[in-house]
Each structure stands twice: as structure tokens, then as C-alpha cells.
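Enquirer: Structure of the sequence below:
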Amino acid sequence: MIDRVITSGTFSLDGGTWDVDNNVWLVGDAREVVVIDAAHDAAPIAERAGGRAVKAVVCTHAHNDHINAAGPLAARTGAPIRLHPADQVLWEQQYGAEVTYEPLEDGEKIEVGGIVLEVLHTPGHSPGAVCLYAADLGALFSGDTLFKGGPGATGRSYSSFDTIIRSIRERLLTLPPETVVHTGHGDSTTIGAEAPHLEEWIARGQ
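Expert: You can find the predicted model right below:
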């Protein structure tokens, strides 16, 4: 039900560029999938989807390393791109007005292959950052909001440490502790593993 493709490329913002490896998640069944964070290269993502219909390309946020394969993948598969509109300014840095998306809303439920993905608006890493919660799978797709070891980075434009901490505390740490957190980069973790460290993160971030 959950597949991962790791793609490599660069992340650019505020005049800097960094090499990154991204987790691209495919959620669905043998007939259809949703792609979460189409990063860097559409070809291996489409290959992993195989003959399955791509129902949507969902972006957890609009930093370029999470969306730079969304346009090509959507063109290849005919799937709509979904993004929270609060990240419009970041989207335009990558695509301008050439590629469009359908707005995501907090609380929206995306159904694919008998699985329901609930959209949780979790601003902080970016204004429109979202996580996708699949209660039936006991899984959260956190993008760059929560990682193994702490919150996503907030030292660049359009980000806020206080906001990401509030999002994590109110929207994520309230989920069942056994929930597996599938992140935008690196290894997965669980809500229960991360929750005890919230105050440490706050102390580090001040």
C-alpha cells in the first residue's frame, strides 16, 4: 500500500543551493495511487507507479525540491497537482504561471485505493505546508514538518520556528503514538518516538 522512491537533486532558496535526497511516497493499491512530493525526476516515479492510475500528485509544500517533478509527472499521467494555496509564492518561483494546481484544504480527505488521506495544514516550514494522515494505515506523511529527531528547518524565507512547533504540538503529537511518520527526507519514525523531545526542540530553537 505504501511505496517509496528516493530521488536526488538540489534544493534552492534565498540564493543558496544544496544537494538533497528526497523521499517520494506512493500510496494506493494495485489499481491507483497518489504520489506525495514528486521530486527531481518524474521517470522513476512513473516507473514505480507502473500501470496504476495516478489519481493525484500531492505536494506537502512548494519548496522546489518537493515539486520540481510534479509538472512533468502530471503532464505524463494526466493527474492533477494538489497544493495548499498559502505556498503560492514558492510555487511561482519554480513554475510561474505555466503550471497550475488544484488547492488543498485543511481537513480535506483524499481517497485512493480504499485508503483515506486526511489533509492536516501544518504551517511553519512553509506557509502552506501540510501533512497527510492515513488513519487506517497508522501512517503520517509529514513532508518537511517533522523528521526523525526534530522539526523541519525554519531558517529561510517564509518559515517560522514558533509556527512549526505549534503545528507539531497541536496537529501531529495528538495522533496515536504508534503512528509511523514517513518523512520528506531520511528515515521514518513514530509519533511516540518524537513526542517526548518537544521541549528539547523548543530549547534548541530559542
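Enquirer: alpha carbons only for contacts and neighbour counts from here, please
Expert: OK.
Enquirer: For residue 48, which non-adjacent residue is closest in space?
Expert: Using C-alpha to C-alpha, 6 or more residues apart in numbering and skipping residues adjacent in sequence, the residue nearest residue 48 is residue 5, 7.5 Å away.
Enquirer: Residue 25 is in contact with that neighbour, correct?
Expert: Yes - contact criterion C-alpha atoms under 8 Å: residue 5 and residue 25 qualify, at 6.5 Å.
Enquirer: Please point out which parts of stretch 9-18 sit buried.
Expert: The neighbour-count check on stretch 9-18 (16 or more other C-alpha atoms under 10 Å) flags 10-11 as buried.
Enquirer: That stretch: end-to-end distance?
Expert: For stretch 9-18, the first-to-last residue distance is 8 Å (C-alpha to C-alpha, to the nearest Å).
Enquirer: And the contacts of it?
Expert: 19-21, 40, 63-65, 156-157 (C-alpha atoms under 8 Å, 6 or more residues apart in numbering).
Enquirer: Where do the strands of this protein begin and end?
Expert: Along the chain, counting by DSSP state E, strands occupy 2-13, 16-28, 32-36, 53-58, 81-83, 102-103, 109-112, 115-121, 130-134, 139-143, 146-147, 150-151, 180-183, 189-190.
Enquirer: Quick one: mean pLDDT over the first one.
Expert: Per-residue pLDDT values across strand 2-13 average out to 98.
Enquirer: Walk me through which strands that strand pairs with, and which way each runs.
Expert: Here strand 2-13 has these sheet partners by DSSP bridges: strand 16-28 (antiparallel).
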